[in-house]
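**Q** Fold the stuff below for me.
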Amino acid sequence: MNFICRIIAAATGTIAIALCASGAFAALGAKQESVAHDRQILSASRHTTKNIGNYNVEEMTIGATTVREYLSSDGTVFAVAWNGYTHPDLSQLLGTYAGEYAKAEKTTARVQGRRWRRIVTDSLVVEHRGHMRDLHGRAYLPALVPGSVRVDEIR
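**A** Purely as a prediction, here's the structure:
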């Protein structure tokens, strides 16, 4: 399904992200079981888990990009972050929120000369920045971020 979505996206643009997201087993907002599926779909390697007090961070590598999925104590993915040479497949990492992101991205104006972008919807925040071969980003659901976690810890 993901391969077909990529072909459609290449041919038609970002509209396909919204159509294909419903078929993805999403990470953001999903339970811990989706992390293993994300690793498989994204062909990721090197899996580590870090326990940081009241939340866990599941880390994986996709080529030269590292992706971290943040899980609350109840096992819900409340944020993802990445850094590396490329941005990861956001349609997979955002899951059911990919359509919302694609729609907001179209209506959010780009600021000339800036190497960062912040897209905010009612339930989602996506930020990405950087330049060629040094890209960073994060996406989180403010309503699901545990009260004891500061947003700047998501990186």
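**Q** Asn83 contacts His136, doesn't it?
**A** Yes: between Asn83 and His136 there is a contact under Cβ atoms under 8 Å: 4.6 Å. Every residue, glycine included, has its C-beta placed from N, CA and C.
**Q** what's the overlap in contacts for these two?
**A** Taking Cβ atoms under 8 Å, 6 or more residues apart in numbering as the contact rule, the neighbours common to Asn83 and His136 are Gly130, Arg155.
**Q** which residue is nearest the middle of the protein?
**A** To find the centre residue of the chain, average its C-alpha atoms and take the closest one (Cα atoms, centre = their mean): that gives Leu93, at 3.9 Å.
**Q** Just say helix, strand or coil for it.
**A** At Leu93 the chain is in helix, as set by DSSP: H, G, I helix; E, B strand; the rest coil.
**Q** ok, Thr65 - how many residues close by?
**A** Number of residues near Thr65 (other Cβ atoms under 10 Å) recorded here: 18.
**Q** The one 4 residues further on now?
**A** A total of 25 residues lie near Glu69 under the criterion other Cβ under 10 Å.
**Q** cool, and Glu59?
**A** Counted with other Cβ under 10 Å, the neighbours of Glu59 add up to 16.
**Q** just to confirm, which helix or strand has it in it?
**A** For Glu59, the enclosing helix or strand under DSSP states H and E is strand 55-62.
**Q** buried sites along that strand?
**A** In terms of neighbour count (16 or more other Cβ atoms under 10 Å), strand 55-62 has its buried residues at Tyr55, Asn56, Val57, Glu58, Glu59, Met60, Thr61, Ile62.
**Q** now what about the helix or strand following that strand, what contacts it?
**A** Scanning forward in sequence from strand 55-62 by DSSP H and E, the next helix or strand is strand 65-72. By Cβ under 8 Å, 6+ apart, the residues outside strand 65-72 that reach it are 27, 32, 35, 38, 42, 44, 54-61, 77-88, 93, 135, 140, 144, 146, 149, 154.
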